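# pasting the structure only:
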């Protein structure tokens, strides 16, 4: 199964890259995670709304056909780790292609929110977009560990 992440932000600090890679490599080979990093829009001479709109256009262009789009936003529906494991089981069973969208520093434009099949939240906190990819990778690994009865997740 393929899981895609489209994220505004590139040239992340080493600790972000390391944390993300650590959890992705822990996943079994049958779960392939693909990260597409989009360069943030240059803010000089643009309003925040204009820059966010231009980032949104690039995000929408990066979404392949057939993907189920989950836009990550602190105002989205809260998802628990157990809930994510149920979602992962369904994606694996149905051969669904989930795609997660992580906005830039100014968040997601309305066009991306409207395109999303679901708007979900990993936390009610506002998290830096680089950290969100690490948290998402860890939670995907944790969700898989629940399904596999692996001792990583404890309740």
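Right, received. Where do you want to start? Please read all numbers here as calculations on a predicted model, not as lab measurements.
# longest strand anywhere in the protein?
The strand spanning the most residues in the chain, taking DSSP state E as the definition, is strand 67-78.
# Pull out the buried positions in it.
Of all the residues in strand 67-78, those buried under the rule 16 or more other CB atoms under 10 Å are 67, 69, 70, 71, 72, 73, 76. C-beta here means a position set from N, CA and C on the backbone, and glycine is covered the same way.
# Closest to residue 130 out of these?
For those, the residue nearest residue 130 by CB to CB is residue 72; the value is 12.7 Å.
# Tell me, how many residues neighbour the closest residue to the closest one other than its chain neighbours?
Counting by CB to CB, 6 or more residues apart in numbering, residue 102 is the residue found nearest to residue 72 once chain neighbours are left out, at 5.4 Å. Applying other CB atoms under 10 Å, we find 26 residues neighbouring residue 102.
# Also residue 94?
For residue 94, the count of nearby residues is 10 (other CB under 10 Å).
# ok now do it, which residues does it touch?
By CB atoms under 8 Å, 6 or more residues apart in numbering, no residues touch residue 94.
# Let me know whether my guess that residue 131 is in a helix holds.
Yes: read with DSSP: H, G, I helix; E, B strand; the rest coil, residue 131 is one of the residues of a helix.
# Relative to residue 56, how far out is the residue of the chain positioned farthest from its centre?
The C-alpha centroid of the chain is most remote from residue 45, which lies 29.1 Å away (CA atoms, centre = their mean). Residue 45 sits 18 Å away from residue 56, taking CB to CB, to the nearest Å as the criterion.
# Same question for residue 98.
As for residue 98, its distance to residue 56 is 20 Å (criterion: CB to CB).
# So between those two, which is more surrounded?
When residue 98 is set against residue 56 and neighbours are counted by other CB under 10 Å, the residue ahead is residue 56, at 23 against 20.
# Point out the other helices and strands that the host helix or strand of the more buried one packs with.
Here residue 56 is covered by helix 48-61, with elements defined by DSSP states H and E. Applying 3 or more CB pairs under 8 Å, 6 or more residues apart in numbering; DSSP states H and E, one finds that helix 48-61 makes contact with strand 2-8, strand 32-38, helix 110-115.
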